[in-house]
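Student: Return atomic coordinates for the entry below.
(one chain, ligands or ions: 1)
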Amino acid sequence: MVATTGEHALVLGGSIGGLLAARVLADRYTTVTIIEKDHLPGTGVPRRGVPHGHHVHAMLPRGLQVIEDLLPGFTARVTAAGGLTGDILANVRWNLNGLALRRKVAGLTALSASRPLLEGTVREQVRALPNVKILEAYDVTGLRTSEGRDRITGAAVARRDGSGASVLAADLVVDATGRGSRTPRWLAELGYESPSADRVGIDLAYSSCLVTAPGELMGDDLVVVTARYPGQLRSSVMQRLEGGRILLTLAGVRGERPPLAYDELPAYARTLATADTYDLLRAAKPLGAPVAFRFPAYVRYRYDQLRRLPAGLLVTGDATCGFNPVYGQGMSVAAMNAAALAEELSHGAEPDPYRYFQAVARALEAPWRMAVGADLALPGVTGPALPDSPLTPDYLRRLQLAATEDAEVAAALVRVTSLVEPPPTLLRPEIVARVERFSPIQAILGG
Ligand SMILES: Cc1cc2nc3c(=O)[nH]c(=O)nc-3n(C[C@H](O)[C@H](O)[C@H](O)COP(=O)(O)OP(=O)(O)OC[C@H]3O[C@@H](n4cnc5c(N)ncnc54)[C@H](O)[C@@H]3O)c2cc1C
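Tutor: From the prediction side, this is the model:
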């Protein structure tokens, strides 16, 4: 404990965003209470409040770095439970535009494990903090304010079984209830302006299934990504998990619906940009039925643009910005939000919501641009226009093709998509020179 900023902080929602916020708050508040609507299961077990837990969850190196800083030993705990680590380029097969990126050790660690194991491990470590308490099976039903409504003073909660309701007072409330966050509505009800919402209509569908398959099909690869590309709306990710299992997610955008019958998965996989997923499915055995997820749009709430906010209220994780999950950014951005919260608290005073939301906006800048830029390139996808960037779609496409032949370009690319380096590093003169030296015909003919 460094210094006490307040007596009690309340975190609404006990998933990755809420747990990491609680970890940071525990350094500055005497007590931190997490309110979670689910009964929390054991580590590694899926739960109702996180239906996305059945689907591939890639942990990007930046997210892993931040989580490891906040919770030392996290990676070792996950691997002790069967999770796998490797290099983000040497041990991940990246099929972009139907061609595999050239491999080398990029020096960035990727961690592959099921979402329930990742979240459960974060939860175990946060729960072990002496001043953090998790109140399970409680629904947050509203905020409480001071008489003048200029300060949030706590939250109203109700037992999920209907057996009682109460108000929990707090110096600070952090909303981490995910994409269904009601803070925009609650702010309006309290007489504040609601944040505007930047919405990207992607109409994404997932179908995910746990399988086993002969080892040689994945080899030393932790993950095999087969991305969509212009003209192709289908993609897939195969991820090795604890317990020798492989989680396969087939995806489609703009009305493409991967099948939900296991027997129909191979036909869909056969239409993907490479044969990797089809080859695995032909040899695989299912460990359960495929599970669906629909994602019509992702939304960024512009809290950073609000001119009037109450004291004592912050928002984190998917409640500020949900992402198109195919880019694997959400958990990492939640971790970056927690880092922004730690920075805000380091000023030693009560957090300033304006400064905090500006810091969150800075953290969101690169992942948002990358996701929205790629999605808006698809005909029919609707969303907010992005400011012009020197990283044009044409340059990025040429860079991706060059990365299939030039491992230095591939490493530069994955450092950016891993959120470790900012996108402008792709315009460093030595990278531009390598991209310009490359002729796309080389990639097509195989070098
Ligand atoms: C299909 C899918 C695939 C994804 N794949 C990836 C990936 O590959 N990589 C990646 O990094 N990210 C991925 N994400 C995003 C990632 O899951 C989230 O960014 C991450 O979980 C952080 O979210 P969060 O904690 O803010 O919210 P959530 O995970 O949505 O959790 C919200 C929590 O709040 C609780 N809650 C909600 N309402 C209330 C209430 N009223 N009272 C009490 N509790 C409440 C819920 O039970 C839940 O525990 C994916 C998301 C989806 C949907």
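Student: What residues does the stretch 1-150 of the chain have near the ligand?
Tutor: 12-18, 35-38, 49-50, 52, 55-58, 139-140 (Cβ under 6 Å from any ligand atom). Every C-beta, even on glycine, is put in place using the N, C-alpha and C of the backbone.
Student: Which ones among the residues you listed lie within helices?
Tutor: I16, G17, G18 (DSSP state H).
Student: Pull the number of nearby residues for the closest residue to D69 other than its chain neighbours.
Tutor: Distance criterion Cβ to Cβ, 6 or more residues apart in numbering; nearest residue to D69, sequence neighbours excluded, is A339 at 7.9 Å. Using other Cβ atoms under 10 Å, the number of residues around A339 comes to 19.
Student: Same check on V122?
Tutor: 27.
Student: Phi and psi next, for the residue nearest to D69.
Tutor: Dihedral pair for A339: phi -70, psi -40, per degrees, to the nearest 10.
Student: residue contacts, the residue in the stretch 1-150 of the chain positioned nearest to the ligand?
Tutor: When scored by Cβ to the nearest ligand atom, the stretch 1-150 of the chain has G49 as its residue closest to the ligand, at 2.2 Å. Going by Cβ atoms under 8 Å, 6 or more residues apart in numbering, G49 touches S15, E36, K37, D38.
Student: Filter those residues down to the ones in strands?
Tutor: Of the contacts of G49, the ones assigned to strands by DSSP state E are E36.
Student: of all the contacts of G49, which two lie farthest apart?
Tutor: Farthest pair in the contacts of G49 (Cβ to Cβ) is S15 and K37. Separation: 10.4 Å.
Student: Between those two, which has more neighbouring residues?
Tutor: More crowded of S15 and K37, by other Cβ under 10 Å: S15, with 26 against 20.
Student: which one is P41 nearest to, not counting chain neighbours?
Tutor: In space, and not counting its chain neighbours, P41 is closest to R47: 5.3 Å by Cβ to Cβ, 6+ apart.
Student: Would you mind measuring from that neighbour to T30?
Tutor: 29 Å (Cβ to Cβ, to the nearest Å).
Student: quick one: which of the two has more around it?
Tutor: Between R47 and T30, counted using other Cβ under 10 Å, R47 has the larger neighbour count: 18 against 14.
Student: which ones are touching that one?
Tutor: If you count contacts by Cβ under 8 Å, 6+ apart, then R47 has D38, H39, L40, P41, G53, P116 around it.
Student: Let's see that with 10 Å instead.
Tutor: Applying Cβ atoms under 10 Å, 6 or more residues apart in numbering, we find R47 in contact with G14, S15, E36, K37, D38, H39, L40, P41, G53, P116, E119, G120.
Student: now do D150
Tutor: Taking Cβ under 10 Å, 6+ apart, one finds L190, Y192, R308, L309, P310, A311, G312 in contact with D150.
Student: buried ones in the helix or strand R397 falls within?
Tutor: If you go by DSSP states H and E, R397 is part of helix 393-402. Across helix 393-402, burial judged by 16 or more other Cβ atoms under 10 Å covers Y395, L396, R397, R398, L399, Q400, L401, A402.
Student: Surely the second one touches L426?
Tutor: It refers to L396. Yes: counting by Cβ atoms under 10 Å, L396 does reach L426; the two are 7.7 Å apart.
Student: Which neighbours do the two have in common?
Tutor: Joint contacts of L396 and L426 (Cβ under 10 Å, 6+ apart) are L413, V435.
Student: Give the other helices and strands that the helix or strand where M331 lies contacts.
Tutor: If you go by DSSP H and E, M331 is part of helix 330-345. When contacts are defined as 3 or more Cβ pairs under 10 Å, 6 or more residues apart in numbering; DSSP states H and E, helix 330-345 packs onto helix 16-25, helix 61-70, helix 115-127, strand 172-175, strand 313-315, helix 353-376.
Student: re the thing from before, distance of the residue of the stretch 1-150 of the chain closest to the ligand from I35?
Tutor: For G49, the distance to I35 equals 12 Å [Cβ to Cβ].
Student: overlap in contacts of the two?
Tutor: G13, G14, T177.
Student: what's near enough to touch the last one?
Tutor: Contacts were defined as Cβ under 10 Å, 6+ apart; by that measure T177 touches 11-15, 17-18, 35-37, 49, 139-140, 183, 315-319.
Student: cool, and the second one?
Tutor: Residues in contact with G14 (Cβ under 10 Å, 6+ apart) are 22, 34-38, 40, 47, 49-50, 119, 122-123, 126-127, 134-136, 138, 176-177.
Student: Fine, thanks again, bye for now.
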